[in-house]
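after the sequence you'll find the predicted model.
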Amino acid sequence: MRLQSRDAFSSYHPAVNFLYFGLVLFFTMCFLHPACLLLSLAAALRYAVCLNGRRAVRRSLRYLLPAALLAALINPAFNHQGTTILTYLPSGNPLTLESIVYGLAAAALLSAVVTWFSCYTAVMTSDKFVYLFGRVIPALSLVLSMALRFVPRFQVQARAVSQAQRCVGRDVSDGSLLQRLRNGVTILSILLTWCLENALETADSMKSRGYGLPGRTAFSIYRLDDRDQAALWWLGALGGYILSMWGAGGFACRYFPTFRLAPRDGWSLSGLLAFGLLCLTPVIIDRREDRQWTRLRSMT
């Protein structure tokens, strides 16, 4: 299993990481082309495995798959557009092929975006975010970094509190139904108290350090070297080419009233290839670093 510290892309400059995730998330949310959605979802799952391991990805799929399935089922139940009628629902509304395909596309879009955000939170740590935007928007960058850190820290603290309460017989799985509700309220109260206290401590700590004051300097370990500049050129070239293909209609897709994709020619295939390379950039970088490390070890 690959540890996060061995992820080569995470060691790049924060500007490279932020630009990459910005491009990938923007294109994923804008393109409804099935090939783009499948490429984005596959690349997101592959990079999530590189970051967190197969076991963590399997645990996240337990929650992601039901949500995606729900999104795929809700659209045909309420959206009856389309000309290809398969059958009629008990309510008398038609069930169309186009609504089913659009529901599957919405499920793939939701799964890809959620997975990419999980990768984003693993790579773009709070210190990277504050480094990028601390001088431009100091207050907002601090709030956003705290918000992005809140969910994983809240989950860790919730598990710790639940385990402590289980040791004294006050977990949500102990006692009668009324007692379980009381234990759940107690755990929630402890977590809310911890959240408020942690927020106050963070605010006092940042204020005592002069965060946001004019002329304040900050130590940073990030330097934009040649490797980072090459990555920026790579991302900029891919992003520019994908935008040009998007403007030329290479990713055009229509679901209603009939399902139709852009003509499959060399230009559209090159756009899909560029989008796939963009999504797989961290995996390509990791593989290249692994090969270099293996070659260096074989020479010693």
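That came through fine.

which one is residue 282 nearest to, not counting chain neighbours?
Take residue 282 and drop its neighbours on the chain: the residue closest to it by Cβ to Cβ, 6 or more residues apart in numbering is residue 9, 3.8 Å away. Using the backbone N, CA and C atoms, a C-beta is placed for each residue, glycine as well.

again with residue 84
Excluding its sequence neighbours, the residue lying closest to residue 84 (Cβ to Cβ, 6+ apart) is residue 97, at 3.9 Å.

so how far is residue 274 from residue 21?
17 Å (Cβ to Cβ, to the nearest Å).

kindly apply the preceding question to residue 250 instead.
Taken as Cβ to Cβ, the span from residue 250 to residue 274 is 10 Å.

ok, residue 289 next?
In terms of Cβ to Cβ, residue 289 sits 22 Å off from residue 274.

just want to know which of the two has more residues nearby.
Between residue 289 and residue 274, counting by other Cβ atoms under 10 Å, residue 274 is the more crowded of the two (19 against 15).

what's whichever strand or helix holds that one packed up against?
If you go by DSSP states H and E, residue 274 is part of helix 266-279. Here helix 266-279 touches helix 14-30, helix 34-52, helix 226-247, going by 3 or more Cβ pairs under 8 Å, 6 or more residues apart in numbering; DSSP states H and E.

list of residues touching the first one?
It refers to helix 14-30. Defining contact as Cβ atoms under 8 Å, 6 or more residues apart in numbering, one finds that helix 14-30 is touched by 9-10, 36-37, 40, 109, 112-113, 116-117, 119-120, 123-124, 128-129, 131-132, 222, 224, 228, 231-232, 235-236, 238-239, 242, 246, 275, 278-279, 281-282.

starting at the chain centroid, how far to it?
10 Å (Cα atoms, centre = their mean, to the nearest Å).

cool, and the second one?
Taking the mean of its C-alpha atoms, helix 34-52 sits 10 Å from the chain's own mean (Cα atoms, centre = their mean).

what's the following helix or strand after it?
Next along from helix 34-52, by DSSP H and E: helix 54-78.

now for that following helix, which elements pack on it?
Packing partners of helix 54-78 (3+ Cβ pairs under 8 Å, 6+ apart): helix 34-52, helix 97-123.

what residues of it count as buried?
Buried residues in helix 54-78, counted by 16 or more other Cβ atoms under 10 Å: 57, 60, 64, 68, 71, 72, 75, 76.

partners of whichever helix or strand comes after it, with directions?
For helix 54-78, the succeeding helix or strand toward the C-terminus, using DSSP H and E, is strand 85-88. Strand pairing for strand 85-88, determined by DSSP bridges: strand 94-96 (antiparallel).

dump the helices and strands packed on helix 266-279 to JSON lines, plus distance to residue 169 and mean pLDDT.
Shown next, in JSON lines, are these (distance: least, Cβ to Cβ, whole Å; pLDDT from 0 to 100):
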{"stretch": "helix 14-30", "distance to residue 169": "44", "mean pLDDT": "95"}
{"stretch": "helix 34-52", "distance to residue 169": "33", "mean pLDDT": "92"}
{"stretch": "helix 226-247", "distance to residue 169": "54", "mean pLDDT": "94"}
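
now render those as JSON lines, adding distance to residue 168 and mean neighbour count.
Below are the helices and strands packed on helix 266-279 laid out as JSON lines (distance: least, Cβ to Cβ, whole Å; neighbours: other Cβ atoms under 10 Å):
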{"stretch": "helix 14-30", "distance to residue 168": "42", "mean neighbour count": "19"}
{"stretch": "helix 34-52", "distance to residue 168": "32", "mean neighbour count": "21"}
{"stretch": "helix 226-247", "distance to residue 168": "51", "mean neighbour count": "15"}
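
need these in a markdown table with distance to residue 154, can you?
Listed next are the helices and strands packed on helix 266-279 as a markdown table, based on distance: least, Cβ to Cβ, whole Å:
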| stretch | distance to residue 154 |
| --- | --- |
| helix 14-30 | 22 |
| helix 34-52 | 18 |
| helix 226-247 | 32 |
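
which among those helices is found nearest to residue 153?
Comparison of the helices and strands packed on helix 266-279 against residue 153 by Cβ to Cβ identifies helix 34-52 as nearest, at 16.3 Å.
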